[in-house]
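Chemist: Here's my sequence, what's the structure:
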Amino acid sequence: MFAVSLGDDGAELRPLEPWRDEEFLAHMDRGREFIGRYVGLADVVTDLASSRSFLQSYAAKAAADTGRIYGIWTDDKLVGGVLFRTMDVGQGVAEAGCWLEPSAAGRGLVTRATRVIIDWAVEERGIHRVEWHASSANAASVAVARRLGMTRDGVLRQSYVHRGTRHDMEVWSVLAPEWRASRQAP
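Modeler: Got it, this is the predicted structure:
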C-alpha cells in the first residue's frame, strides 16, 4: 500500500479500499450530519453492507479506469476523502469531489489532497479538464475550488434535490494547461 504525505502535520492520502469498510462506516458515523449537509454520501453509507458496497463500486471504477477514491488520514484516523466521481480518460474529463468530518475541517486537508489527485490525473492519466461540482450553499467546497485555481463555469439552478430541498449546483473547472501553469508559479 502507498501513502502520500499531505504536509508536516502528519496527514496522509491513501487508497480507500473495500477492506476498510468498517473504518469507513465509523468515519461516516462520526461525521454523518456534517458531511450530509450537502453531500449524498452520508445517506448512502449507513451500515456495513452499504459501506462495503460503496467502496466496492469504486474498486470497480478503478479497475475500469472510470473513477478513484482516496481517504485522508490524520494520526492514523480516517477523517475524510477525495475522489474522482467520474473519469473519462478518452475524453480527458474527470469530476473531483470531497468530504470531511468536522474534526478535520479548516486545516486545508481537502485542498492539499485534491492537488495530489489532480496532479496525478493531469500528468499520469492525461486528463485535460477536471471539474468540481458543489452546491452554491456549500461555501467550504466553493472555497476549495477557488484555492485550486479553478474557474466557475456556471450555475445549474435548482438542479438537484438533496434531503428534500432543491439546490443550485456550481460547476468549476481547471484545464491541464492552466493547472500546469499554476503549479509552476512561485
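Chemist: The one helix or strand Val144 maps to - what's its average pLDDT?
Modeler: Using DSSP states H and E, Val144 maps to helix 139-147. Taken as a whole, helix 139-147 has a mean pLDDT of 96.
Chemist: Partner strands of the next helix or strand after it, with direction?
Modeler: The helix or strand immediately downstream of helix 139-147 is strand 151-162, counting by DSSP H and E. With DSSP bridges as the test, strand 151-162 is paired with strand 165-175 (antiparallel).
Chemist: For the strand it pairs with, output the C-alpha coordinates as PDB.
Modeler: Taking Å, rounded to 0.1, in the frame of the first residue of the first chain, the C-alpha atoms of strand 165-175 are listed here in PDB:
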ATOM      1  CA  THR A 165     -34.500  20.700  -0.800                       C
ATOM      2  CA  ARG A 166     -33.600  21.900  -4.300                       C
ATOM      3  CA  HIS A 167     -30.000  23.200  -4.600                       C
ATOM      4  CA  ASP A 168     -28.200  25.300  -7.200                       C
ATOM      5  CA  MET A 169     -25.100  23.400  -8.400                       C
ATOM      6  CA  GLU A 170     -21.900  25.400  -9.300                       C
ATOM      7  CA  VAL A 171     -19.600  23.800 -11.900                       C
ATOM      8  CA  TRP A 172     -16.000  24.800 -11.600                       C
ATOM      9  CA  SER A 173     -13.100  23.500 -13.700                       C
ATOM     10  CA  VAL A 174      -9.400  23.700 -14.400                       C
ATOM     11  CA  LEU A 175      -7.800  22.800 -17.700                       C
END
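Chemist: tell me the angle of that strand relative to helix 139-147?
Modeler: Orientation of strand 165-175 against helix 139-147 (axes from the mean of the first three to the mean of the last three CA atoms, to 10 degrees) gives an angle of 10 degrees.
Chemist: Could I get the buried residue list for strand 165-175?
Modeler: Within strand 165-175, the residues scored as buried using 16 or more other CB atoms under 10 Å are His167, Met169, Glu170, Val171, Trp172, Ser173, Val174, Leu175. Quick note: C-beta positions are derived from backbone N, CA and C, even for glycine.
Chemist: can you check stretch 109-124 too?
Modeler: Leu109, Val110, Thr111, Arg112, Ala113, Thr114, Arg115, Ile117, Ile118, Ala121, Val122.
Chemist: what's the helix or strand for Phe84?
Modeler: Using DSSP H and E, Phe84 sits in strand 77-88.
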